[in-house]
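Student: here is the input, now give the coordinates:
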Amino acid sequence: MDPTSPESPLASFPLEPPASGEYRSRAPEFYGFVAWTSTSVVFVLYVLWALLPDEYIVWLGVEWYPSREWALLLPAYSIVLVLLTYSVYFSIAIARTPPFSDPSTLIDTKAHLPALNANQYVKHADPGAIPELYDIPIGLVNRVVYRAMPSVAK
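Tutor: Presented below is the predicted three-dimensional model:
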């Protein structure tokens, strides 16, 4: 029987694993393993370069390597680059924000407003009517939210 046949319209949950005959690529697993091992090897080499004395590095057969000051400068520059990236994105977001007086803070080009020449609220007086979807004008929102409250007599 089909999992979504008329006799059983709902598929089983949780989803069943694929049949044993189906082929599924294992490439992501291999790529992940290669990325993990290469990152680990590079980190170990970095720590050895930063901490081993010069005699041991020369004994291993390495004739030239960067100055040890780069062991501190690379992480420091990386942190500065990350902080600079965050600050640039934050600055761009602030620079592109429109002022409060701009109408685009209240409405955009995708807004669906009621027609100005017809009273859209009369159509909804019929109990069987399905109301049309549209954005509520900001003037109506302000009248409802900030209406004058009747004062209570003491």
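Student: those helices in this structure, which residues are they?
Tutor: For the chain, the helices defined by DSSP state H occupy 27-51, 54-59, 70-95, 138-145.
Student: just the CA atoms of the lowest-mean-pLDDT helix or strand in the chain, as PDB, please.
Tutor: Least confident helix or strand, the chain: helix 138-145 with a mean of 84, by mean pLDDT, DSSP states H and E. Taking Å, rounded to 0.1, in the frame of the first residue of the first chain, the C-alpha atoms of helix 138-145 are listed here in PDB:
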ATOM      1  CA  ILE A 138      -1.900  54.400  10.600                       C
ATOM      2  CA  GLY A 139      -4.600  57.100  11.200                       C
ATOM      3  CA  LEU A 140      -7.200  54.500  12.100                       C
ATOM      4  CA  VAL A 141      -4.700  52.700  14.400                       C
ATOM      5  CA  ASN A 142      -3.900  56.000  16.100                       C
ATOM      6  CA  ARG A 143      -7.600  56.800  16.600                       C
ATOM      7  CA  VAL A 144      -8.200  53.300  18.200                       C
ATOM      8  CA  VAL A 145      -5.000  53.200  20.300                       C
END
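Student: can you list the neighbours in contact with it?
Tutor: When contacts are defined by C-beta atoms under 8 Å, 6 or more residues apart in numbering, helix 138-145 is touched by residues 106-107. No exception for glycine: its C-beta is placed from N, CA and C like everyone else's.
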